[in-house]
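J.: fold the following.
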Amino acid sequence: MKPRYVVITLLMVLGALMAWFGGSEMVEILDASHIMVIQNPLTGSFSWYTDPGPKAQILGTITRYPRRSIYTFEIQMRFNDGGHGTLYGSIQYELPLDSEHLTLLHKNFGSSDAIQRQLVETVVNKSVYMTG
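T.: Model prediction:
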């Protein structure tokens with residue numbers, strides 16, 4: 001076997017392995033119910049995507065956020081006269097679609113679970129407590 005063919009074969013195998021392992025981190029598909037941010041691995045900059053379809057990932061870190069979420073709660077209350085009760089409820093909230101506010105939320109919270117736990121639940125629970 002000629003050395004030229006060996007080199008070509010090795011390059012083809014190496015290229016196939018790179019495509020196999022890196023291919024899953026090159027393109028990401030965004031559905032209509034989510035917002036996605038891709039952080040560039042070299043510069044650290046954020047690219048926000050709000051329109052559905054395929055997006056170039058190029059080895060970046062992906063975080064997805066639902067456009068719309070619901071928070072359901074059950075809060076024990078104590079009234080001024082000493083009575084007790086339970087307040088059942090839910091709220092729906094949507095994330096902003098501009099990159100400035102999305103970046104602020106992403107830097108401060110980092111995930112949709114953290115936004116709900118640390119922001120939405122805290123505000124709702126404190127509001128209910130202060131009005132009860």
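J.: could you use CA atoms for every contact and neighbour count after this?
T.: Noted.
J.: burial count for Thr86?
T.: By other CA atoms under 10 Å, the residues close to Thr86 number 11.
J.: and the next helix or strand past the helix or strand hosting it?
T.: Element membership of Thr86, judged by DSSP states H and E, is strand 84-94. Proceeding N to C from strand 84-94, the next assigned helix or strand is helix 99-109, under DSSP H and E.
J.: and that following helix, how far from the chain's centre?
T.: Once both centres are worked out by CA atoms, centre = their mean, to the nearest Å, helix 99-109 turns out to sit 11 Å from its chain's centre.
J.: now it: buried residues?
T.: Burial within helix 99-109, assessed by neighbour count using 16 or more other CA atoms under 10 Å, is assigned to Leu102, Thr103, Leu105, His106, Phe109.
J.: same deal with stretch 3-15?
T.: For stretch 3-15, the neighbour count (16+ other CA under 10 Å) marks no residue as buried.
J.: average pLDDT for it?
T.: On average, the pLDDT along stretch 3-15 is 84.
J.: remind me, longest helix of the protein?
T.: Scanning the chain for the helix with the most residues, using DSSP state H, yields helix 3-22.
J.: just the C-alphas of the next helix or strand after that one, formatted as PDB.
T.: Heading C-terminal from helix 3-22, the first helix or strand you meet, by DSSP H and E, is strand 27-30. As requested, the backbone C-alpha atoms of strand 27-30 are provided in PDB (Å, rounded to 0.1, in the frame of the first residue of the first chain):
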ATOM      1  CA  VAL A  27     -26.100  23.200  15.000                       C
ATOM      2  CA  GLU A  28     -28.900  23.400  17.400                       C
ATOM      3  CA  ILE A  29     -32.600  23.500  16.600                       C
ATOM      4  CA  LEU A  30     -34.800  25.900  18.500                       C
END
